[in-house]
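Participant: Mind looking at a prediction? Sequence and model below.
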Amino acid sequence: KIHQQYAEAGCDVLQTNTFGANPIKLAQYGLEKETASINQYAVWIAKEASDGRCLVAGDMGPSGKLMLPMGDMHFREAYRAYYEQTKALAKAGADLIHIETMSDIQEAKAAVIAAKDASDLPVICSMTYDKNLRTLAGSDPESAVVTLEAVGADVIGVNCGFGPEPMLEILRRMNQISESYLIVQPNAG
């Protein structure tokens, strides 16, 4: 019903309800073996609700684990998780992939590379920043742009964290060095 309301309001892109549907996050609930079916069903729900009025973005959020050296997740573990999720979203007919709310550039990098390897869909990747305009892992907007462009993200940006005011500065800094399309999604709360 929420997807339908967005479509009826004139939304151009619906995001699937798969923010936490990667196998690492799903393992917390014993559902890692259901990764493909959960993601595919979510695409189907969004497509049905849009009734052809909107594109459907397969939404992928952080794994919930910290990358080395801050945590114990290896790059290849993150890559495999996002590859599996992307495969499922693409197979179900997603029109693009949206990787969002990333706070570690290494995890974002793994997700973008995996999404590009698993499908030929356009990939959006947006990071989340604190009031010091740094991600949790310490990346500034410029280093995020350089890294994400290098690994093939089609659209780069910022989302969540806070409202629109601080995001304007992040977007301005990204725009100064980026050749990519940019996206900004302030926290709705």
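Facilitator: Done, it's in.
Participant: Just the buried positions in stretch 99-118, please.
Facilitator: 99-116, 118 (16 or more other C-beta atoms under 10 Å). Heads up, the C-betas are built off the backbone N, CA and C, glycines and all.
Participant: quick one: secondary structure of Thr101?
Facilitator: strand (DSSP: H, G, I helix; E, B strand; the rest coil).
Participant: The buried residues of stretch 99-118 in strands, which ones?
Facilitator: Counting by DSSP state E, the buried residues of stretch 99-118 place Ile99, Glu100, Thr101, Met102 in strands.
Participant: Now the two most distant members of these.
Facilitator: Farthest pair in these (C-beta to C-beta) is Ile99 and Thr101. Separation: 8.6 Å.
Participant: Pull up the overlap in contacts between these two.
Facilitator: Gly61, Ser126 (C-beta atoms under 8 Å, 6 or more residues apart in numbering).
Participant: wait, which of the ones in strands among the buried residues of stretch 99-118 is closest to Met60?
Facilitator: Taking C-beta to C-beta as the measure, Met60 lies nearest Ile99 of these, at 4.9 Å.
Participant: Touching the least confident helix or strand in the chain by mean pLDDT from outside, list them.
Facilitator: In the chain, the helix or strand scored least confidently by mean pLDDT, DSSP states H and E is helix 164-177, which has a mean of 91. With contacts defined as C-beta under 8 Å, 6+ apart, helix 164-177 is touched by 129, 131, 133, 140-142, 144-146, 156-158, 161, 182, 184, 186.
Participant: Stretch 38-46 too?
Facilitator: In contact with stretch 38-46 (C-beta under 8 Å, 6+ apart) are residues 3, 14-18, 21, 26, 31, 56, 58, 85, 88-89, 91-94.
Participant: Give me the phi and psi for the closest residue to Leu96 other than its chain neighbours.
Facilitator: Counting by C-beta to C-beta, 6 or more residues apart in numbering, Pro122 is the residue found nearest to Leu96 once chain neighbours are left out, at 4.5 Å. Torsion angles at Pro122 (phi, psi; degrees, to the nearest 10) stand at phi -60, psi 150.
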